[in-house]
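Engineer: Curious how this folds, go ahead:
(one chain, ligands or ions: 1)
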Amino acid sequence: MSDLEVAFDKYKKEYGHSDWTDEENAAQFNKFANTMSMTDATTAAQEGGSESSPSLQSQSLTGTMESIEGRLSSRSTENITRSFAGLGVQTASTRTAAANDEDVDTGMTKSFLERRQEMFEKLVEKYPTKFGKLVSQKDRVDMLDAPATLTYGEIEFESFGVAFSKIKRMYGMPGIGTTPPSGIMQAPGGKFYDLGSGTGKPAIAAAYLHPFDLVAGVEILPGLHSSSLELAALFRSEGLAALAADGQPQATHIEFTLGDAFDLGVADWSDGDVVFANSTCFSDSLMGRFASAAEHLKKGAIVITFTKRLPSPAFTVLDGKVYKMSWGGATVYIQQKLTDPPASRIP
Ligand SMILES: C[S@@+](CC[C@H](N)C(=O)[O-])C[C@H]1O[C@@H](n2cnc3c(N)ncnc32)[C@H](O)[C@@H]1O
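Structural biologist: From the prediction side, this is the model:
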């Protein structure tokens with residue numbers, strides 16, 4: 001059986017109506033494909049250069065829906081399988097639908113996420129978002145002509161948790177997309193990097209969500225970098241002990257570097273399993289530099305960006321949904337490296 005046939009089988013067992021024909025259950029299954037098409041639509045809108053344009057989004061959505069509707073018009077399971085494969089829709093999409101709050105398989109249960117959020121918030125309580133904003137503003141007045149790419153904002157733990165759950169329970173599974181046989185975030189270990197790390201909260205949130213070997217960040221503004229060093233010290237002295245008491249004994253290493261995150265000579269993050277950038281305010285040229293550096297990541301590595309996707313054919317968008325951030329809603333893109341890194345080393 002192909003992956004998609006397995007997925008349909010699983011769908012039928014968990015959600016299917018026993019008194020329906022295969023064709024009727026298959027029609028319901030199609031609706032999951034349409035849900036997935038939201039991702040394509042958001043991506044298409046972004047390609048059009050205006051993430052927030054509702055008319056563009058709804059046009060793209062309608063177009064995508066229509067094309068999927070057309071391609072999935074046949075109701076036989078076999079044809080659905082072929083249509084899904086043709087669309088490049090991941091088998092994992094059915095797992096999204098099947099996942100519930102108590103995802104025991106991955107350990108990312110609702111109670112786990114709530115507990116870790118509470119621990120995270122306690123650790124960072126002396127560093128509220130407004131503190132990061134003030135430090136960033138001070139750093140920027142000290143510069144001449146500070147670019148808009150330095151605008152400050154922070155992740156919300158909850159939204160980050162959703163993205164990580166998706167990687168754990170879907171995109172990081174071996175056999176999904178280009179994920180390597182060992183998987184991504186399927187076992188303790190791995191490396192997480194935050195590019196433009198601010199006061200360092202995403203690296204700490206990452207450590208609270210998965211027992212990485214290393215969580216690290218690179219920040220160009222010195223005041224923010226100093227604050228991230230303080231938070232790293234707090235994480236080592238209090239965070240690790242709290243995690244150990246909560247059943248996560250892994251002594252995740254944490255480090256922050258001052259400098260340009262998109263110069264791999266400053267900090268080499270090409271060994272990352274999960275790389276993140278809160279890129280809403282990044283310019284096209286900065287995204288271009290990000291994409292060039294990201295070509296050095298291994299095949300299967302996951303890159304999470306906000307609002308803007310990586311402008312590179314070496315990556316595919318697995319997911320793109322809007323989540324709440326400190327400044328409002330932002331599309332969270334989960335992308336995966338399709339290709340091996342070039343043989344040539346980093347300059
Ligand atoms: C929106 S903030 C995100 C802060 C943090 N990552 C978070 O999500 O909570 C973006 C950060 O990227 C930093 N930044 C922008 N360009 C950068 C570059 N070339 N290298 C390193 N940091 C950069 C900014 O100074 C800012 O702190």
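
Engineer: For the rest of this, base every contact and every neighbour count on C-alpha atoms.
Structural biologist: Will do.

Engineer: Per the annotation, how does the chain divide into domains?
Structural biologist: The chain breaks down by automatic domain parsing into domains covering 3-98, 104-337.

Engineer: what's the span of stretch 320-338, first residue to last?
Structural biologist: For stretch 320-338, the first-to-last residue distance is 17 Å (CA to CA, to the nearest Å).

Engineer: That one near the ligand at all?
Structural biologist: No. Stretch 320-338 lies out of reach of the ligand by CA under 6 Å from any ligand atom, never closer than 8.6 Å.

Engineer: How about residues contacting that stretch?
Structural biologist: With contact meaning CA atoms under 8 Å, 6 or more residues apart in numbering, stretch 320-338 is reached by 38-40, 42-43, 129, 153-156, 159, 163, 177-178, 280, 297-309, 314-319.

Engineer: name the element Gly265 belongs to?
Structural biologist: If you go by DSSP states H and E, Gly265 is not part of any helix or strand.

Engineer: ignore the last one, Ala293
Structural biologist: Counting by DSSP H and E, Ala293 is found in helix 284-294.

Engineer: packing partners for the next helix or strand after that helix?
Structural biologist: Once the chain leaves helix 284-294, the next helix or strand it forms, by DSSP H and E, is strand 302-306. Here strand 302-306 touches strand 274-277, strand 328-337, going by 3 or more CA pairs under 8 Å, 6 or more residues apart in numbering; DSSP states H and E.

Engineer: And the ligand, is strand 302-306 touching that?
Structural biologist: No. Using CA under 6 Å from any ligand atom, strand 302-306 never reaches the ligand; the gap is at least 9.1 Å.

Engineer: Could you check how far that strand is from the centre of its chain?
Structural biologist: Here the centre of strand 302-306 is set off from its chain's centre by 5 Å, with CA atoms, centre = their mean, to the nearest Å.

Engineer: Of the helices and strands packed on strand 302-306, flag the one that's most buried.
Structural biologist: strand 274-277 (a mean of 24; mean count of other CA atoms under 10 Å).

Engineer: what helices or strands is it leaning on?
Structural biologist: strand 191-195, strand 302-306.

Engineer: TSV for the ones you listed, including mean neighbour count and mean pLDDT?
Structural biologist: Formatted as TSV, the helices and strands packed on strand 274-277 follow (neighbours: other CA atoms under 10 Å; pLDDT from 0 to 100):
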stretch	mean neighbour count	mean pLDDT
strand 191-195	26	98
strand 302-306	26	97
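
Engineer: quick one on the thing from earlier: and the helices and strands packed on strand 302-306, which one's lowest on average pLDDT?
Structural biologist: Ranked by mean pLDDT, those bottom out at strand 328-337, with a mean of 93.

Engineer: Next, the angle strand 302-306 makes with that strand.
Structural biologist: 160 degrees (axes from the mean of the first three to the mean of the last three CA atoms, to 10 degrees).
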